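Enquirer: Can you look at this prediction? I've put the sequence above it.
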Amino acid sequence: MTPSNRSEVFRTKQRFAQGRRALSAIVLIAFSGVSLAQAPAGLPPVSNGTTGALPSLGDSSELSPAAERRIGDRIAASIYRDPDYVDDPVLVDYLQGIWQPLMTAARARGELPAELDERFAWELFLIRDRSINAFALPGGYFGVHLGLIGSVGSADELAAVLAHEMSHVTQRHISRLMTQQSRQAPWMIAAMVLGALAASKNSNAGAAAMVGGQALAVQGQLNFSRDMEREADRVGFGVMRDAGYASQGVTGMFEKLQQANRLNDNGSFPYLRSHPLTTERIAEAQARVQLASAAARPSPEKLAAQSRMQQLHAMMAARARILAVPGVDALRTMVAEAQRRAAALPAPPPAASLASAAGVRDAGALYGGAFAAAQLREFAAARYLLGRLGPLAAGAGPAGKAVELLAIEVDLLEGKTPAAAAFADLGKAGSRAELLLQAKALMAANRASDVSQALQGWVAEHHRDAMAWQLLAVAYGQQNQPVQAIRADAESRAAQLDYPAALDRFKAAQGLMRSSPGRADYVEGSIIDTRARQVESIVKEQALQDKIDR
């Protein structure tokens, strides 16, 4: 790559990042999301031990769920194209392991109406950004920065953030805000969407559009935002507790939020200071946590499960810090720290130490060191650390599985056929990460037919899994099935809401079938024709909606 090309790539990433940060800023202010790096106002404190401490604000929405979902889809499509959007199967599985119990609890409590459950996306985005940040978007989309995962001390603290953000959406805060600010909100939404798109082409134009919308909307809504925050506090705490997470995660998260605000507040968001003081909210949260803790003492079995989750969280936090691309020096520091800890470990480590705080820190450090060494292409060091990590995570359920998957990744990064390919059985994969990483191992072992067969069943049930579709396209390509490969590529683009690109690929598949009869059977051709018509209808509908919006 020439110096001029590298400069252009850097400028493009800068524009995407500026657009995403501006989008986050608008959403965080307008929709009362939580930004630990900027705002001490977004986590679930509660005033006492009952779930009914605050009256419900009621759903005074005029914006329909379908309309809100359309807005969210447009924003989501832009995020998918952001170079800092991350689909890391291992981290996504970890987040989903926290998210799904929260969703189940929200349904059981009646906080998630059936219509919203069906119409909204309820999808999490991972963003490659080292800031401590999470935010809610219209239509059931949520952004989580890698910096948040790398900074929180437990899955309970992460659950506190996610439950709060979920509650902003289940309580229809976005549509209620538009109803309360009927003259301002449409301009705010327009500025948010157009600003995000403009920022991808011209950072100055995008920032101007965003800031204009922000200034217009924020002036008259802070009192309403305080009410929304309190409602999200109340609902989020109940959802988190019913999902089985320790209520201490709330106070721990508030303390981190308070510290982050002291360290990172640059004065750019003065309106957010009118939210209730963090110290007050911590006190309220502590009072509720005390009542909740007195009401339910965890069993020994639950304490053991929490210990295993702590070990897994330490590993995932280290992974998030590395995926945030901290730089070569930081990676080398992580490797050196892991090697120091590995040398100090007895062989084998005593069973009593595995669940201890020191054992949890050792597991996180060794996992992070092995992953960092692989990124630095120091594969001998990575395998040494994996060997020392194995006994720490042995029999620890998800933590042990995380070590096995990391071993596959190390082999793949080195260009070797993973040892796991010899015994991989995709039909028995227990998670998305296990399925996709084992599929890559089988691809390295030239077993593409096994991969395509397994992934066909997976995408039939998980049609929005873009990475699975992309891997399926590669598998078809290795089997010299170009029509099927192009169709899978089209589906991966549709899964990320890039319908014009998907339509182009479906038409390319149709063209190949016409020019080379026999490349695909009748069933495959019928599927492609049907999907092409469906996607073309969506493209036309979006174009019509664009005209109406203008």
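Expert: The structure has been received and is ready for your questions. If you're wondering where the values come from, they're calculated on a predicted model, not measured in any experiment. Residues are numbered from 1 along each chain as shown.
Enquirer: Give the buried residues for the helix or strand hosting Phe506.
Expert: Element membership for Phe506 (DSSP states H and E) is helix 499-515. By 16 or more other Cβ atoms under 10 Å, the buried positions in helix 499-515 come out as Tyr499, Ala501, Ala502, Leu503, Arg505, Phe506, Lys507, Ala508, Ala509, Gln510, Leu512, Met513. For every residue, glycine as well, the C-beta is placed using N, CA and C.
Enquirer: So which elements touch that helix?
Expert: Using 3 or more Cβ pairs under 8 Å, 6 or more residues apart in numbering; DSSP states H and E as the contact criterion, the elements in contact with helix 499-515 are helix 482-495, helix 522-549.
Enquirer: Now do the last one, average pLDDT.
Expert: So the one you mean is helix 522-549. Regarding helix 522-549, the rounded mean pLDDT is 91.
Enquirer: coming back round to it: can you dump the C-alpha atoms of the helix holding Phe506 in CSV for me?
Expert: What follows is the C-alpha trace of helix 499-515 in CSV, where atoms were taken according to Å, rounded to 0.1, in the frame of the first residue of the first chain:
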residue,chain,number,x,y,z
TYR,A,499,-30.1,-4.3,0.7
PRO,A,500,-28.8,-2.6,-2.5
ALA,A,501,-25.5,-4.6,-2.3
ALA,A,502,-27.5,-7.7,-1.6
LEU,A,503,-29.7,-7.2,-4.6
ASP,A,504,-26.6,-6.7,-6.8
ARG,A,505,-25.2,-10.1,-5.6
PHE,A,506,-28.5,-11.9,-6.1
LYS,A,507,-28.7,-10.5,-9.7
ALA,A,508,-25.1,-11.6,-10.2
ALA,A,509,-26.1,-15.1,-9.2
GLN,A,510,-29.1,-15.0,-11.6
GLY,A,511,-26.8,-13.8,-14.4
LEU,A,512,-24.4,-16.7,-13.7
MET,A,513,-27.2,-19.2,-13.9
ARG,A,514,-28.3,-17.8,-17.2
SER,A,515,-24.9,-17.8,-18.7
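Enquirer: what's in contact with that helix?
Expert: Contacts with helix 499-515, where a contact means Cβ atoms under 8 Å, 6 or more residues apart in numbering, come from 482-483, 486-487, 489-491, 493-494, 519-520, 525, 528-529, 531-532, 535-536, 538-539, 542.
Enquirer: How about stretch 335-344?
Expert: Everything outside stretch 335-344 that qualifies as a contact, by Cβ under 8 Å, 6+ apart, is 361-362, 365-366, 368-370, 372-373, 376, 378, 381, 384-385, 388.
Enquirer: which of these are buried?
Expert: So, by 16+ other Cβ under 10 Å, the buried ones in the contacts of stretch 335-344 are 362, 365-366, 368-370, 372-373, 378, 381, 384-385, 388.
Enquirer: Need the three-state assignment for the nearest residue to Gln310 once chain neighbours are set aside.
Expert: If the residues on either side of it in the chain are set aside, Gln310 comes closest to Val360, at 4.9 Å by Cβ to Cβ, 6 or more residues apart in numbering. Three states are possible here, and by DSSP: H, G, I helix; E, B strand; the rest coil the one that applies to Val360 is helix.
Enquirer: Surely Val360 touches Ala314?
Expert: Yes. Between Val360 and Ala314 a contact is recorded at 5.0 Å, counting by Cβ atoms under 8 Å.
Enquirer: re the thing from before, could you flag which of the contacts of helix 499-515 are buried?
Expert: Those of the contacts of helix 499-515 that meet the buried threshold are 482-483, 486-487, 489-491, 493-494, 519-520, 525, 528, 531-532, 535-536, 542, by 16+ other Cβ under 10 Å.
Enquirer: Thought Ala488 was touching Tyr476, still the case?
Expert: Yes. At 6.0 Å, Tyr476 and Ala488 qualify as touching, with contact defined as Cβ under 8 Å.
Enquirer: still on that earlier bit, among the buried ones among the contacts of stretch 335-344, which pair sits farthest apart?
Expert: Spatial extent of the buried ones among the contacts of stretch 335-344 (Cβ to Cβ) is set by the pair Asp362 and Glu378 at 19.8 Å.
Enquirer: ok, now how distant is the nearest residue to Ala485 once chain neighbours are set aside from Ile486?
Expert: In space, Ala485 comes closest to Tyr476 once its chain neighbours are excluded; the distance is 3.8 Å by Cβ to Cβ, 6+ apart. Separation of Tyr476 from Ile486 (Cβ to Cβ, to the nearest Å) stands at 9 Å.
Enquirer: again with Leu124
Expert: Going from Leu124 to Ile486 by Cβ to Cβ gives 29 Å.
Enquirer: residue ranges with poor pLDDT in this protein?
Expert: When residues are selected by pLDDT under 70, those of the chain lie in 1-62, 178-226, 257-282, 284-285, 293-307, 349-355, 394-396, 549-550.
Enquirer: 50 instead?
Expert: 3-4, 6, 8-13, 15-55, 183-187, 190-191, 193-194, 196-224, 266-277, 352 (pLDDT under 50).
Enquirer: would you turn the helices and strands packed on helix 499-515 into JSON lines with distance to Ala114?
Expert: Conversion of those to JSON lines gives the following (distance: least, Cβ to Cβ, whole Å):
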{"stretch": "helix 482-495", "distance to Ala114": "25"}
{"stretch": "helix 522-549", "distance to Ala114": "25"}
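Enquirer: nearest to Pro326, of these?
Expert: Set against Pro326 and scored by Cβ to Cβ, the helices and strands packed on helix 499-515 come closest in helix 482-495, at 29.3 Å.
Enquirer: helices and strands around the closest one, which ones?
Expert: If you count contacts as 3+ Cβ pairs under 8 Å, 6+ apart, helix 482-495 packs onto helix 448-461, helix 466-478, helix 499-515, helix 522-549.
Enquirer: so how many other residues sit close to the residue nearest to Gln310?
Expert: Counted by other Cβ atoms under 10 Å, the residues lying close to Val360 total 23.
Enquirer: ditto for Gly110
Expert: Residues contacting Gly110 under the criterion other Cβ under 10 Å number 8.
Enquirer: Then Tyr522?
Expert: When neighbours are defined as other Cβ under 10 Å, Tyr522 has 7 of them.
Enquirer: Now Ala136: phi and psi?
Expert: Recorded main-chain torsions at Ala136 are phi -100, psi 150, according to degrees, to the nearest 10.
Enquirer: shouldn't Met309 be in contact with Glu157?
Expert: No. The pair Met309 and Glu157 fails to qualify as a contact (Cβ under 8 Å) at a distance of 11.7 Å.
Enquirer: Can you show me the helices along the stretch 301-450 of the chain?
Expert: Under the criterion DSSP state H, counting those that start in this stretch, the stretch 301-450 of the chain contains helices at 328-344, 351-354, 357-375, 379-393, 398-414, 432-444, 448-461.
Enquirer: same check, this time on the stretch 51-200 of the chain
Expert: Chain-ordered helices for the stretch 51-200 of the chain, with DSSP H, counting those that start in this stretch as the definition, fall at 65-80, 89-109, 114-119, 146-151, 155-170, 173-180, 185-199.
Enquirer: Give the buried residues for the longest one.
Expert: Right, the one you point to is helix 89-109. 89-95, 98-99, 101-103, 105-106, 109.
Enquirer: How about the first one?
Expert: Neighbour counts over helix 65-80 (16+ other Cβ under 10 Å) mark 65, 68-80 as buried.
Enquirer: Please produce JSON lines containing those, extended by distance to Leu345.
Expert: Supplementary listing: these in JSON lines, determined by distance: Cβ to Cβ, whole Å:
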{"residue": "Pro65", "distance to Leu345": "53"}
{"residue": "Glu68", "distance to Leu345": "52"}
{"residue": "Arg69", "distance to Leu345": "51"}
{"residue": "Arg70", "distance to Leu345": "54"}
{"residue": "Ile71", "distance to Leu345": "52"}
{"residue": "Gly72", "distance to Leu345": "47"}
{"residue": "Asp73", "distance to Leu345": "49"}
{"residue": "Arg74", "distance to Leu345": "51"}
{"residue": "Ile75", "distance to Leu345": "47"}
{"residue": "Ala76", "distance to Leu345": "44"}
{"residue": "Ala77", "distance to Leu345": "47"}
{"residue": "Ser78", "distance to Leu345": "46"}
{"residue": "Ile79", "distance to Leu345": "41"}
{"residue": "Tyr80", "distance to Leu345": "42"}
